[in-house]
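In: next one to model:
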Amino acid sequence: MTEPDRQAPLVSDDHTERIHAHRTECQPACQTRSPSSRPPSRRSPTRRTSTRRTASTILLFIAASILCGLFGTPSADAAPDEVRVFGVLRNGTEKVAGVKLEAKDAAGSVVGTATSSATGAWSVMVPPGKYTIVVDTGSLPDDVEVQKSELPVDVSGGTARPVIFSFGEVRTGTEVSAVSELTRLAIDGIRFGLIIAITGVGLSLIFGTTGLTNFAHGELVTLGAVVAWVFNVRVGLQLIPATILAVIVGVGIGILNELGLWRPLRRRRTGLIAMLVVSIGLALVMRYLILIFFSDRAEPFDDYQAQTQIGSGPFAITPVNLACIIICIVVLLGVALLLQRTRIGKAMRAVADNKDLAESSGIDVDRVILFVWALAGGLATLGGVMFALSELGGRVQWEMGFKLLLLMFAGITLGGLGTAYGALLGCLIVGLLVQLSTYILSPDLKYIGGLLILIIILTIRPQGILGSRARIG
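Out: Predicted structure coming up:
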């Protein structure tokens, strides 16, 4: 064989080019099938991140829909330049009918008139501004006297304003014995303590099952009262069905909190300190969203404004306050029966006692925590309505829950963090001490007592009355 024959290629140039072209075409497909570029599994981080982003988008859309639906502008048929001023004329337990009233502006001109109905109710529509509501004393029955026939009212913000006239002889100040005054303050303290308890039980259960110190719980209280106000004033429902609907909304908000925020954070193994900071940020966001969409003034409910006390002396109480006490007792007894007699209640106590042991015993911890958040949202909503009715004179304030939050923490810390019964006992004691402190201090300073109680508890007995000592570290 000659030298040129030995150096000749075994494959022709044309065939080599075809092979090279075929490899070039196959290269993307081969790379796709390579083991190093396998498609992500069903539980890959990319898929989980996409799912969480989708869930977060859905939750934001739902929240925006709720805000726009509840706090949107009034309907077109409502006159935006007129506001309703209303009231009920009562002489003791008797309705005063046929009484003429006039609304006068600052110049003394009459801008509206009204006549009380058979139930004593009256109302007049006036533009925003400052007015004086005048009772025509000549239209009063012969045996009825009004204490003040002229009362001022400031109409603004498009919200109905109640005006309450008092009838009968003007009461002069009389000396009240110390025992009578302390008895009255003790009854008020029990009422106030029950309201703190109904809002604080959910906060204690959340801490017991998750370890989270939820600083946004006070905003759940405010949101419950605001939602009830929207259903009562904007929609026109009576306050009782409005409160029931608000409790349902509160349950839904509690579920959204757990599914949209706290459960994803727990699965990422976020520390409790970081989650505490998140709860503070959430509280600030909710508080100022309520301020934006609600009002910076105290807005009254339409119902239960004019109340006549029943009983006498230190045991005199309004029907609204008595109803609040009864409702709080019934609800708290229901929560106690839930914890003691039902399967989910026993599971809640097991998770609060030892989460890992409860999970190893077959308890669905996530389901239990979700139920706790739903229960806490409903109780906070109901407590917000009770607080606005009995403590704030039937008015809703945008930061009312923040004012109550310190007393809730003081109550559950005094009773024992994480225990529902400890929260009930501690909140009752805090309510009593706060109200009794007004015998010495000014009522404007009574909430400071909650801070003092919290400091003393953490110094002397940090585990609380019903709490147990825990080894840390």
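
In: give me the three-state assignment for the closest residue to Arg263 other than its chain neighbours.
Out: Once flanking residues are discounted, Arg263 sits nearest to Asp366: 6.8 Å by C-beta to C-beta, 6 or more residues apart in numbering. C-betas here are computed from N, CA, C, even on glycine. Classification of Asp366 using DSSP: H, G, I helix; E, B strand; the rest coil returns helix.

In: Asp366: how many residues sit nearby?
Out: 14 (other C-beta atoms under 10 Å).

In: test my guess that it contacts Arg267.
Out: No. In this structure Asp366 lies outside contact range of Arg267 using C-beta atoms under 8 Å: 9.5 Å.

In: how close does the residue nearest to Arg263 sit to Ala380?
Out: From Asp366 across to Ala380, the span is 21 Å (C-beta to C-beta, to the nearest Å).

In: Val233 now?
Out: On the measure of C-beta to C-beta, Val233 and Ala380 end up 21 Å apart.

In: among the two, which residue is more densely surrounded?
Out: Ala380 (32 against 19).

In: packing partners of the host helix or strand of that one?
Out: Using DSSP states H and E, Ala380 maps to helix 365-390. If you count contacts as 3 or more C-beta pairs under 8 Å, 6 or more residues apart in numbering; DSSP states H and E, helix 365-390 packs onto helix 178-210, helix 217-229, helix 239-257, helix 263-267, helix 319-341, helix 343-353, helix 355-360, helix 400-415.

In: only alpha carbons, please: show stretch 121-139 as CSV.
Out: C-alpha atoms of stretch 121-139 as CSV (Å, rounded to 0.1, in the frame of the first residue of the first chain):
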residue,chain,number,x,y,z
ALA,A,121,-88.1,58.4,68.2
TRP,A,122,-87.3,61.4,66.1
SER,A,123,-84.8,62.3,63.4
VAL,A,124,-83.9,65.3,61.2
MET,A,125,-81.6,65.6,58.2
VAL,A,126,-79.1,68.5,58.2
PRO,A,127,-76.0,69.5,56.3
PRO,A,128,-72.6,69.0,58.0
GLY,A,129,-71.9,71.7,60.6
LYS,A,130,-72.6,72.8,64.2
TYR,A,131,-76.2,72.9,65.3
THR,A,132,-78.4,73.3,68.4
ILE,A,133,-81.3,70.9,68.8
VAL,A,134,-84.1,72.7,70.6
VAL,A,135,-87.1,71.0,72.3
ASP,A,136,-90.4,73.0,72.1
THR,A,137,-91.3,72.9,75.7
GLY,A,138,-94.9,73.9,74.8
SER,A,139,-95.4,70.6,73.1
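
In: tell me which residues are up against that stretch.
Out: Under the criterion C-beta atoms under 8 Å, 6 or more residues apart in numbering, residues 79, 81-89, 98-106, 111-116, 146, 149-158, 163, 165 lie in contact with stretch 121-139.

In: figure out how far it is from the centre of its chain.
Out: 34 Å (C-alpha atoms, centre = their mean, to the nearest Å).

In: mean confidence for it?
Out: Across stretch 121-139, pLDDT averages out at 87.

In: also stretch 96-106?
Out: 88.

In: likewise stretch 254-271?
Out: Per-residue scores along stretch 254-271 average to 94.

In: same check, this time on stretch 152-163
Out: Rounded mean pLDDT across stretch 152-163 is 76.

In: end-to-end on it?
Out: 8 Å (C-alpha to C-alpha, to the nearest Å).

In: export stretch 339-357 as CSV, just CAs?
Out: What follows is stretch 339-357, C-alpha atoms only, in CSV (Å, rounded to 0.1, in the frame of the first residue of the first chain):
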residue,chain,number,x,y,z
LEU,A,339,-62.1,22.5,76.0
GLN,A,340,-63.3,19.9,78.4
ARG,A,341,-66.0,17.8,76.6
THR,A,342,-65.2,17.9,72.9
ARG,A,343,-62.6,16.1,70.8
ILE,A,344,-61.2,19.2,69.3
GLY,A,345,-61.0,20.8,72.7
LYS,A,346,-59.0,17.9,74.1
ALA,A,347,-56.7,18.1,71.1
MET,A,348,-56.2,21.8,71.7
ARG,A,349,-55.2,21.1,75.3
ALA,A,350,-52.9,18.3,74.2
VAL,A,351,-51.1,20.5,71.6
ALA,A,352,-50.8,23.3,74.1
ASP,A,353,-49.3,20.9,76.7
ASN,A,354,-46.8,19.1,74.3
LYS,A,355,-46.9,19.7,70.6
ASP,A,356,-44.5,17.0,69.6
LEU,A,357,-46.1,14.4,71.8
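
In: how distant is it from the center of its chain?
Out: 25 Å.

In: Three-state assignment for the residue lying closest to Pro162 once chain neighbours are set aside, please.
Out: Closest residue in space to Pro162, ignoring its immediate chain neighbours: Gln305 at 4.3 Å, by C-beta to C-beta, 6+ apart. Secondary structure state of Gln305, per three-state DSSP, is coil.

In: okay, Gln305 and Ile457: tell me how far apart.
Out: Look at Gln305 and Ile457: by C-beta to C-beta, they are 38 Å apart.

In: and Pro300, how many neighbours?
Out: 21.

In: touching, it and Gly394? I think so.
Out: Yes. Counting by C-beta under 8 Å, Pro300 touches Gly394, with 5.4 Å between them.

In: circling back: the residue nearest to Pro162 and Ile164 touch, don't they?
Out: Yes. With contact defined as C-beta under 8 Å, Gln305 counts as touching Ile164 (6.8 Å).

In: if you count surrounding residues, which of those two has more?
Out: Taking neighbours as other C-beta under 10 Å, Gln305 and Ile164 compare with Gln305 leading, 18 against 12.

In: show me where the stretch 51-200 of the chain has strands.
Out: For the stretch 51-200 of the chain, applying DSSP state E, counting those that start in this stretch gives strands covering 83-88, 90-91, 94-95, 100-104, 110-115, 121-126, 129-135, 150-155, 161-162.

In: partner strands of the longest one, with direction?
Out: Going back to what we said before, that points to strand 129-135. strand 100-104 (antiparallel), strand 150-155 (antiparallel) (DSSP bridges).

In: tell me what angle it forms with strand 83-88.
Out: Strand 129-135 and strand 83-88 meet at an angle of 30 degrees, taking axes from the mean of the first three to the mean of the last three C-alpha atoms, to 10 degrees as the criterion.

In: may I see the buried residues of strand 129-135?
Out: Judged by neighbour count (16 or more other C-beta atoms under 10 Å), strand 129-135 contains these buried residues: Tyr131, Ile133, Val134, Val135.

In: got those residues as TSV, with distance to Ile273 columns?
Out: Shown next, in TSV, are those (distance: C-beta to C-beta, whole Å):
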residue	distance to Ile273
Tyr131	53
Ile133	55
Val134	60
Val135	60
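
In: check what pLDDT Ile62 gets.
Out: For Ile62, pLDDT reads 48.

In: equivalent analysis for Lys355, please.
Out: 89.

In: how about the one 5 residues further on?
Out: The confidence metric pLDDT takes the value 90 at Ser360.

In: no further queries at this time; thank you.
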